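Trainee: Below is the sequence, then the predicted model.
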Amino acid sequence: MMLYFFDPIYMMLAIVGYLVMLLLASTIAPRVASRVSGKFSLFTSMVLLAAMILLISAAIIYLILAYSGVYIGFYGLIIFLLAINLLMYLLSPYIINLSYGAERDERLQMVVNSVARRLNVRPPKAVIVRAPPNAFAYGNFLTGKYVAVSESLMRMLSQEELEAVIGHELGHHKHKDNAVMLLFGLLPSVIFYLGYALIHSSFRDDRRGAQLAIIGIAAVLISFIVQILVLAFSRLREYYADFEGVRATNKDAMQRSLAKIHLFYHRYPDYLAPIQDSKFRTLFIYAFTNAVAEPITRADIEALKNQKISPIQEFLSTHPPLPKRLRFIESVRVF
């Protein structure tokens, strides 16, 4: 894969694609989001967005395959991408356990078991990790499922706040987010590399070179549009997990846990680097800490709820911005 970075065509397509993604994120996407917001339930929004991603991806892949004929080793490319992602999916629990020094913890396991009973799910293995304040869910059918909480976060949160965070992570397992996002995250990559391969093939075809190049460029641009949709879908899954955290405890506990983590990172930005640089940051409950438990007042939460949000930051992130998460939690109805 590293060889692609020395290919001027690859670099040009990546730069143009990112410019298109930034343009969409800063202009069209916020307007669409503001019009759609509030018109659909969370579940309906996820279904509609998932259907849109799958339909767009299937249509563009089918058109490329149908038009290009034998010019590109599409099937080999798709198999290669699938194999790489599947291998990462299978190996990532082992990598996480080694990277973060994961250790089983009986006290945490008791909390996980208790929360799992409330949510009517099978409790995963509970592990303590050495990392800045964060929590995440991971695992697969080979290793089993895990919920990881850092030692620093354990010290930082009250019992109720910890239960809310664990409820969020159990929500990811309940909704099978690891497998779902593996599938959806693969689609933009497949479309991009098919378009990239099509452009290369255009140089070897004197008869249809121009058409192949146009289709290839269109596929690359569409791949970045699909990437924005996938990021939006990922944010909806985070809201869905927050809902489970509220179900496991209450709105106040879920809001306080998120606010504590956010305010710590805001006050001590140097601790952001390990999170931002991690290959597993999409798993974390807070994707942006030796932690100090600082009191969180209702006024702190209200101030965070009213903070302004950067549209570009929001639409290029896997996690919703904290003000929106807090407002969503406020609106949750638990039955």
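Mentor: Cool, the structure landed. Numbers count the residues shown, from 1 in each chain.

Trainee: how about low-confidence regions in the stretch 51-200 of the chain?
Mentor: Residue ranges of the stretch 51-200 of the chain with pLDDT under 70: 68-75, 77.

Trainee: tell me the strands in it, going along the chain?
Mentor: Remark: strands assigned in the stretch 51-200 of the chain by DSSP state E, counting those that start in this stretch are 103-104, 125-129, 135-140, 144-150.

Trainee: which residues touch the second one?
Mentor: Residues outside strand 125-129 that contact it (CB atoms under 8 Å, 6 or more residues apart in numbering): 96-97, 100-105, 108-109, 111-112, 139, 144-151, 154. In this view, the C-beta of every residue, glycine as well, is placed from N, C-alpha and C.

Trainee: Could you spell out the sheet neighbours of it, each with its direction?
Mentor: According to DSSP bridges, strand 125-129 forms sheet pairs with strand 103-104 (antiparallel), strand 144-150 (parallel).

Trainee: Residue 303: which of these is closest?
Mentor: With CB to CB as the criterion, residue 303 lies closest to strand 144-150 of the strands paired with strand 125-129, at 25.7 Å.

Trainee: which parts of the closest one are buried?
Mentor: For strand 144-150, a neighbour-count test (16 or more other CB atoms under 10 Å) marks 145-150 as buried.

Trainee: hmm, back to that, can I get the strands paired with strand 125-129 in JSON lines with distance to residue 50?
Mentor: Formatted as JSON lines, the strands paired with strand 125-129 follow (distance: least, CB to CB, whole Å):
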{"stretch": "strand 103-104", "distance to residue 50": "35"}
{"stretch": "strand 144-150", "distance to residue 50": "22"}
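
Trainee: So which of the ones you listed is nearest residue 53?
Mentor: Nearest of these to residue 53, taken as CB to CB: strand 144-150 at 25.2 Å.

Trainee: CA atoms only: put the closest one into PDB for me.
Mentor: Coordinates of each C-alpha in strand 144-150 appear next as PDB, following Å, rounded to 0.1, in the frame of the first residue of the first chain:
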ATOM      1  CA  GLY A 144     -14.900 -13.000  22.600                       C
ATOM      2  CA  LYS A 145     -16.200  -9.600  23.500                       C
ATOM      3  CA  TYR A 146     -14.500  -7.100  25.800                       C
ATOM      4  CA  VAL A 147     -15.300  -3.900  27.600                       C
ATOM      5  CA  ALA A 148     -12.100  -1.900  28.400                       C
ATOM      6  CA  VAL A 149     -11.900   1.000  30.900                       C
ATOM      7  CA  SER A 150      -8.700   2.800  31.700                       C
END
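
Trainee: So what's the gap between that strand and the chain middle?
Mentor: 17 Å (CA atoms, centre = their mean, to the nearest Å).

Trainee: any idea of the angle it forms with strand 135-140?
Mentor: Inter-element angle recorded for strand 144-150 and strand 135-140: 160 degrees (by axes from the mean of the first three to the mean of the last three CA atoms, to 10 degrees).

Trainee: returning to what we had before: among the strands paired with strand 125-129, which is nearest residue 80?
Mentor: Of all those, the one in closest proximity to residue 80, counting by CB to CB, is strand 144-150 (28.0 Å).

Trainee: Which residues outside the closest one are in contact with it?
Mentor: For strand 144-150, the external contacting residues (CB under 8 Å, 6+ apart) are 93, 96, 100, 102, 108, 112, 124-139, 162, 165-166, 169-170, 173.

Trainee: I'd like the strands of the stretch 51-200 of the chain laid out as CSV, including distance to residue 183.
Mentor: Listed next are the strands of the stretch 51-200 of the chain as CSV, based on distance: least, CB to CB, whole Å:
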stretch, distance to residue 183
strand 103-104, 30
strand 125-129, 24
strand 135-140, 13
strand 144-150, 18
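
Trainee: For residue 212, find the nearest of those strands.
Mentor: That would be, of the strands of the stretch 51-200 of the chain and by CB to CB, strand 135-140, which comes in at 38.4 Å.
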